[in-house]
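# Provide a 3D model corresponding to the input given below.
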Amino acid sequence: MKCPVCREPMIILELRDVEIDYCTLCGGIWLDSGEIERLLDGAGQKDTLLHSFQNAPHCGEKPYPCPICRKPMDKVSAGNGSLIIDRCAGHHGLWFDKGELRRILEIGFGEQGGRVLNLLKDIFGETETKET
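Got it, this is the predicted structure:
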């Protein structure tokens, strides 16, 4: 699968029994449909977070093509609206620019921390998970 930003092949990593596609160039992450729910399984604010995803068509960010169907993805706001991510209109999955998956997981886990957040730090290193 090719990165929707860099157009280069992504590598597949396993995170908590979920395969994620990771771009080594830009640090973006693709999650197939249903995988964010699996990563957030057991999270205290999971349902609130997932229901917070709202279309944000006028955010000003350039739409990326879905790496599966190649159609432009929708921009959606997440959590408190301060984070914009990309969602395939055909329900193929979600694209997270560098650091956005960590931020989504922090919202979903709240103050509980979370094993997945620690795994992200282990996989990508502390500098990869910091906000840029």
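
# ok, the nearest residue to Met10 once chain neighbours are set aside to Lys2 distance?
Setting aside the residues directly before and after it, Met10 is nearest to Asp21 in space (Cβ to Cβ, 6 or more residues apart in numbering), at 4.2 Å. Quick note: C-beta positions are derived from backbone N, CA and C, even for glycine. As judged by Cβ to Cβ, to the nearest Å, Asp21 and Lys2 stand 9 Å apart.

# mind listing the shared neighbours of these two?
Residues touching both Asp21 and Lys2 by Cβ atoms under 8 Å, 6 or more residues apart in numbering: 10, 67.

# when those two are compared, which one has more neighbours?
Using other Cβ atoms under 10 Å as the criterion, Asp21 and Lys2 rank with Asp21 on top: 21 against 15.

# quick one: the strands in the chain?
Taking DSSP state E, the strands of the chain run over residues 11-15, 18-22, 29-32, 54-55, 74-78, 83-87, 93-96.

# what lines up beside the fifth one in the sheet?
Each strand pairing with strand 74-78, determined using DSSP bridges, is listed with its direction: strand 54-55 (antiparallel), strand 83-87 (antiparallel).

# adding distance to Glu61, write these out as a markdown table.
Putting the strands paired with strand 74-78 into a markdown table (distance: least, Cβ to Cβ, whole Å) gives the following:
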| stretch | distance to Glu61 |
| --- | --- |
| strand 54-55 | 13 |
| strand 83-87 | 6 |
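
# deepest of the ones you listed, which one?
strand 83-87 (a mean of 21; mean count of other Cβ atoms under 10 Å).
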